[in-house]
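# Okay, structure incoming, though there's no sequence with it:
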């Protein structure tokens with residue numbers, strides 16, 4: 001094992017238009033379209049449509065698609081044919097062009113005399129725009145929790161798009177989360193390694209009716225993090241990849257990327273680089289969303305405390321900090337840094353007041369408080385019963401170093417500073433939209449005493465939360481994060497859910513929506529927190545608790 005990090009803790013190692021109730025182990029219906037429909041990568045005049053069309057036996061499926069301006073398909077504005085074959089796992093992507101900006105459309109597929117569920121989508125607006133409604137989501141662990149949050153997305157009355165910032169699937173097999181029991185087995189039962197494995201894993205997730213309904217509700221803009229490939233991955237490997245058992249890293253990476261591009265409503269990259277999925281989206285005169293790729297394009301190996309911290313003396317800690325601060329360590333790379341700069345300049349030239357920066361991992365600086373003081377004897381015993389000796393991990397807290405977040409921006413501080421340079425030059429106000437940590441956060445990003453941006457970070461859609469995994473349910477861990485870290489205003493270490501944002505010309509409001517009972521068959525949702533940041537004469541205001 002290469003080291004201890006947040007995801008290592010997770011591993012326990014150191015719909016149509018009508019939504020059906022979420023069901024465990026749902027079996028595909030007798031239809032070519034058992035995996036629903038989806039749309040994504042919206043443009044002002046285009047939209048990518050997705051489905052999977054498959055017959056028993058795997059023979060090619062020929063069919064048709066339609067786009068209309070009404071749910072009854074009385075006014076069809078675009079249509080065409082498709083063929084689904086084994087070459088793409090019978091997935092279908094249609095890039096529909098010639099659409100009108102800022103317009104709602106409905107779409108469907110037909111084959112063998114059967115119609116797919118109907119999906120609703122919306123093109124990007126141009127010109128004046130007063131409001132944009134976004135759901136921020138990440139980290140959907142099907143084996144660990146029900147998809148209640150996806151049901152909540154499907155039922156939102158107002159929604160322009162879903163921004164999914166990573167960990168759509170998890171590569172772990174059944175029992176891969178040693179600190180929390182599965183509520184249902186993974187398919188396949190082992191870790192996903194081959195192309196067939198990853199395809200099977202996506203198929204299991206996409207059979208769920210709540211996820212199908214969430215995709216059918218609005219267009220999605222997606223970015224992978226690491227679990228779509230393997231835990232703590234980088235350009236040359238991953239913490240959760242053993243070449244001796246699982247074969248060459250490049251073969252596994254290529255298989256995972258291929259399955260992702262087949263199963264997700266995302267346009268394939270142009271050119272030979274299959275990892276170049278960084279994108280930017282303009283929302284009229286209101287905002288630009290930039291979404292860099294942070295895993296496979298340029299990322300250097302993440303540091304780990306077990307592998308790179310060789311002791312606990314002041315000199316050992318200083319040496320580790322020196323490694324961490326190496327200016328040559330990259331997370332997005334020079335080519336993307338130039339692209340980010342160009343995108344921000346374009347946003348400024350258009351006079352849009354907001355720059356939304358999508359990040360699969362948290363950008364704020366934070367260190368863990370001393371967890372030893374929070375861990376009761378019973379909690380320590382419970383941890384060690386599930387993973388012998390695991391509570392010793394807590395002894396690494398209190399060193400003033402990142403602990404479970406070394407593969408986030410805290411593990412690449414020089415690269416973060418280069419992004420901060422761009423933020424400070426931007427005329428627009430910057431809001432970072434992130435995920436990954438299995439906790440919910442409200443952050444303000446600083447350079448010294450200067451606040452240069454704000455951040456909201458979504459927790460896991462399904463659980464387990466980090467607080468629950470660490471048996472810290474009854475502690476004030478979230479409050480300790482806020483007390484001991486200048487960038488952190490609020491943290492919920494037990495949160496499971498999503499973030500709903502409304503962007504207007506003068507302010508951005510965020511609601512943190514929590515799932516009441518993530519592992520139960522039925523659950524409601526609760527508004528856990530409301531915040532707002534406002535545009536002012538100078539730089540935007542900080543977060544105001546509502």
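In hand now; what should we look at? Here the structure is a predicted model, which is why all the values come from computation and not from measurement. Numbers count the residues shown, from 1 in each chain.

# Pass me the low-pLDDT residue ranges in this protein, would you?
In the predicted model, the chain carries pLDDT under 70 at residues 1-29.

# which stretches of the stretch 401-546 of the chain form helices?
Under the criterion DSSP state H, counting those that start in this stretch, the stretch 401-546 of the chain carries helices at the ranges 413-425, 466-469, 477-484.

# And the chain, by the same measure?
According to DSSP state H, the chain carries its helices in the segments 6-10, 148-154, 195-206, 209-217, 243-246, 249-263, 305-308, 314-324, 333-350, 377-386, 413-425, 466-469, 477-484.

# Show residues contacting the third one.
Under the criterion C-beta atoms under 8 Å, 6 or more residues apart in numbering, residues 35-36, 52, 89, 140, 142, 168-169, 171, 186-188, 190-192, 211-212, 255-256, 258-260, 262-263 lie in contact with helix 195-206. Yep, even glycine has a C-beta here, placed from its N, CA and C like the rest.

# Ok, stretch 466-476 next?
Residues contacting stretch 466-476 (C-beta under 8 Å, 6+ apart): 6, 9-10, 177, 179-180, 371, 374-376, 379-380, 382-383, 404, 437-439, 477-478, 493-494.

# Give the buried residues for it.
466-472, 475 (16 or more other C-beta atoms under 10 Å).

# Likewise for stretch 400-415?
Along stretch 400-415, these residues count as buried under the neighbour rule (16+ other C-beta under 10 Å): 401-413, 415.

# how far does that stretch stretch from start to finish?
End-to-end span of stretch 400-415 (C-alpha to C-alpha, to the nearest Å): 20 Å.

# How about stretch 274-291?
OK, stretch 274-291 end separation, C-alpha to C-alpha: 16 Å.

# buried residues in that stretch?
276-291.

# Could you do stretch 113-122 as well?
115-122.

# go on, stretch 40-59?
40-44, 47-54.

# With stretch 483-494 instead?
Under the neighbour-count rule (16+ other C-beta under 10 Å), stretch 483-494 has 485, 487-494 buried.

# so which of these comes closest to residue 424?
The closest of those to residue 424 turns out to be residue 487 (C-beta to C-beta; 15.7 Å).

# Give me the distance between the closest one and residue 409.
Using C-beta to C-beta, to the nearest Å, residue 487 is found at 11 Å from residue 409.

# tell me, what's touching these two both at once?
Common contacts of residue 487 and residue 409 (C-beta under 8 Å, 6+ apart): residue 364.

# Just confirm residue 76 contacts residue 66, I think it does.
Yes - in this structure, residue 76 is within contact of residue 66 by C-beta atoms under 8 Å, at 5.3 Å.

# Compare these two (neighbour count), which wins?
With neighbours defined as other C-beta atoms under 10 Å, residue 76 and residue 66 compare such that residue 66 has more, 19 against 13.

# Quick check: closest non-adjacent residue to the more buried one.
Closest residue to residue 66 apart from its sequence neighbours, by C-beta to C-beta, 6 or more residues apart in numbering: residue 79 at 4.5 Å.

# What distance do you get for the one you found to residue 42?
Taking C-beta to C-beta, one finds residue 79 at 19 Å from residue 42.

# Wait, residue 247 touches residue 193, no?
Yes - Residue 247 lies in contact with residue 193 (C-beta under 8 Å); the separation is 7.1 Å.

# Who has more neighbours out of the two?
The neighbour count for residue 247 versus residue 193, taken as other C-beta under 10 Å, is higher for residue 193 (21 against 14).

# next one: phi and psi at residue 474?
Here is the backbone geometry of residue 474 (degrees, to the nearest 10): phi -100, psi 20.

# Tell me the spacing between it and residue 131.
40 Å.

# now residue 370
Distance, residue 370 to residue 131, using C-beta to C-beta: 44 Å.

# picking up where we left off before, the buried residues of stretch 466-476: which two are farthest apart?
469 and 475 (12.9 Å).

# Roughly how far does residue 323 sit from residue 333?
19 Å.

# So which of the two has more stuff around it?
Applying other C-beta under 10 Å to residue 323 and residue 333 shows that residue 333 carries more neighbours, namely 18 against 11.

# That one contacts residue 300, doesn't it?
No - counting by C-beta under 8 Å, residue 333 does not reach residue 300; the two are 9.5 Å apart.

# Once you drop chain neighbours, what's closest to residue 427?
Nearest to residue 427 is residue 348, by C-beta to C-beta, 6+ apart, at 4.5 Å.

# Ok, residue 194 next?
Nearest residue to residue 194, sequence neighbours excluded (C-beta to C-beta, 6+ apart): residue 255, at 5.7 Å.

# OK, contacts around residue 480?
Applying C-beta under 8 Å, 6+ apart, we find residue 480 in contact with 369, 374.

# The closest residue to residue 31 other than its chain neighbours pairs with what?
Of all residues not flanking residue 31 in the chain, residue 114 sits nearest, at 5.3 Å (C-beta to C-beta, 6+ apart). Applying DSSP bridges to residue 114 gives these bridge partners: residue 111.
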